[in-house]
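> Just the structure for this:
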Amino acid sequence: MKTSHLFILTLVTAAILAGCKTSGTSSESETENGKLLITAYGVEGFVIGQKIPTNTKTHTIRKTFRTIEGTQEPYYNVYENGHIVLSFMPAYNYAKKRFSDTIGDLTIWSDKYVTSDGISVGMTVGEVREILPDAAIAFSYVSDRFWISAEFQLNLDPDGFIGQQEYLYRRDLVTVRPADFREDAPILSIRVYGTVEFDDIPYDDFVLSGYAVTEEILGDLNGDGVNDAVLITRDERRDASRHSGISGLFVLLRKGKTYELAVAKPRIVECPANAACTLSTEIKDGKLYILCDFGEYGSRKYTFRYHDNRFELIGFDADYRFSGQLEEEVSINFLTKRKQIKLYEQANNRPRMKEERWVDILVETLPNLADMEDFYAYGVGRYYTEK
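Model (predicted):
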C-alpha cells in the first residue's frame, strides 16, 4: 500500500520536536546507557501480535486514520510527555477482511529506543555504516521512502539524496549508490515489522458435531499478551418444542500457533420452551464476563479470572424476576467474601426496594467454571454459607 508522504512528514516533524531524551524506569529491556531495547518483536509494552493497549501511566495512545488510495486505514500514535515516541498499525486479518485489535507493525520515532547494535533515531548514515559496513540504501517509489535494511528498517531523511532523480523510478525498488546519499543524513524512524498470523480457529477440533458456533470472542485471558478465544455454540439437534435454546461455551487458550481447550461446556445454558434465554460473553482487563439473560425471569452475570490453570468465579450478580417484575437482586464478591441483597415490591407498577442488607459469607474454595453446570438452574448458594 502506498504510504502518504504528507502523513510521514507530519510524524517526522513531531518526532523532531520530541528532540530530547526521556529517562525511564529501569527494566530488563533497558540498555546500559539507559535506553530501551528494540527487539525483533517491538519494544517494552508494544509488541507485534499483542492486543492493542490502552493509555498507560506514561503513554497516551491516540487512534487516527489515514487515507491510502481512497481507503481509510486506522493508525495509532503513542505519546510520552506530549511527544510522539512511536506509532503502529493494527494487523490486517485477510481471512476476515478487516483490521484486528492486535499490533501489526511498529515505527519508532524517538531516540530513547536503541537496537542491540546501538542504532537509534537521529544517527547518521555515516554512523550506521561504521556499525554495519555492508549497509545498503534502498528506495521505492511505491512508498516514496529511502531506507537501510538491516534487522530493522532504518528510514532515512529523503533530503539526504543528492543523485539524479531519474534512475530512482526505473523500477519498483532500486539500490542507491553510496555517493548519491549524504553521510550526514539522519535516521528519521526505525520500523519493526513482522507477520501476525490469523489462523482460523478450527472449530471442529473443539466443538462436537451438531453444535453451531454462533459467536467468537477474542481477548487475552491469561496475561501473555496474546488473544485467546471464547466460542458460544448452539445445539441444533434439540427439539425446539422442548427447548428454546441450548447454548454452549468453549474457552480456548492460544499456545503458539495453535489453541488449547481450557473449558468445554456444550450445555452451559439450557432453556425451557417458555423462556427466552441468551448467552453473551466479554473479555475485559483479563477477566471473562458471562451474561445469561433469561428474559422475564431475570439475568445473571458471572465474573471469572484465570488463576492456577482454573477460571475462578470471583463475582456474581443476579436479578430475579417473576412475570417480568423485579423481586430480588443479589451481588456477591467472592474475594472480599461479601454479599449484597436487595428485595423489591411493586408500587404503581414499578419496583421499589423494601430491604437491603449486606452479609459476610464463608468461602473455602473459589468456584471453578469447569465444575459449573446449567446456568439456568445454577445457583451459587452451595459454595458459601452466611456467617
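> Domain ranges for this structure, per the record?
As assigned by automatic domain parsing, the chain contains the domains 5-193, 203-386.
> can you put these in CSV and add mean neighbour count and mean pLDDT?
Every residue, glycine included, has its C-beta placed from N, CA and C. Below are the domains of the chain laid out as CSV (neighbours: other CB atoms under 10 Å; pLDDT from 0 to 100):
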stretch, mean neighbour count, mean pLDDT
domain 5-193, 16, 82
domain 203-386, 16, 83
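> what ranges do the helices span in the chain?
Assigned helices in the chain, in chain order: 5-18, 125-131 (criterion: DSSP state H).
> Centre-most residue in this protein?
Per CA atoms, centre = their mean, the C-alpha nearest to the average position across the chain is that of K51, at 2.3 Å.
> My guess is it contacts G219. True?
Yes - proximity of K51 to G219 meets the contact threshold set by CB atoms under 8 Å, at 6.9 Å.
> shared neighbours of those two, anything?
Shared contacts of K51 and G219 (CB atoms under 8 Å, 6 or more residues apart in numbering): N227.
> how about the nearest residue to D220 once chain neighbours are set aside, what does it touch?
Nearest residue to D220, sequence neighbours excluded (CB to CB, 6 or more residues apart in numbering): K51, at 5.4 Å. Listed by CB under 8 Å, 6+ apart, the contact partners of K51 are 101-103, 219-220, 225-227.
> now do 6 Å
Residues counted as contacts of K51 (CB atoms under 6 Å, 6 or more residues apart in numbering) are 101-102, 220, 227.
> do Y203 as well
With CB under 6 Å, 6+ apart, Y203 has these contacts: V213.
> do L173 as well
Residues counted as contacts of L173 (CB under 6 Å, 6+ apart) are S140.
> What of T124?
184, 186 are the contacts of T124 under CB under 6 Å, 6+ apart.
> If we use 7 Å, what do you get?
183-186 (CB atoms under 7 Å, 6 or more residues apart in numbering).
> which stretches of the stretch 1-150 of the chain form strands?
36-37, 42-43, 46-47, 60-68, 71-80, 83-93, 98-108, 113-114, 137-140, 145-149 (DSSP state E, counting those that start in this stretch).
> possible to save those as a markdown table with distance to F316?
Formatted as a markdown table, the strands of the stretch 1-150 of the chain follow (distance: least, CB to CB, whole Å):
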| stretch | distance to F316 |
| --- | --- |
| strand 36-37 | 42 |
| strand 42-43 | 38 |
| strand 46-47 | 34 |
| strand 60-68 | 33 |
| strand 71-80 | 36 |
| strand 83-93 | 35 |
| strand 98-108 | 28 |
| strand 113-114 | 45 |
| strand 137-140 | 57 |
| strand 145-149 | 55 |
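> Which one of the ones you listed lies nearest to Y289?
Closest approach to Y289 among these is made by strand 98-108 (17.0 Å; CB to CB).
> from the chain's centre, how far out does that closest one sit?
Distance, stretch centre to chain centre, for strand 98-108: 10 Å (CA atoms, centre = their mean, to the nearest Å).
> follow-up on the earlier one: for the strands of the stretch 1-150 of the chain, which one sits closest to V269?
Of all these, strand 98-108 sits nearest to V269, with 26.7 Å by CB to CB.
> relative to strand 83-93, how tilted is that closest one?
For strand 98-108 against strand 83-93, the angle by axes from the mean of the first three to the mean of the last three CA atoms, to 10 degrees is 140 degrees.
> what helices or strands is strand 98-108 leaning on?
Counting contacts by 3 or more CB pairs under 7 Å, 6 or more residues apart in numbering; DSSP states H and E, strand 98-108 is packed against strand 42-43, strand 46-47, strand 83-93, strand 187-193.
> would CSV of the ones you listed with distance to T64 be doable?
Shown next, in CSV, are the helices and strands packed on strand 98-108 (distance: least, CB to CB, whole Å):
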stretch, distance to T64
strand 42-43, 20
strand 46-47, 16
strand 83-93, 9
strand 187-193, 17
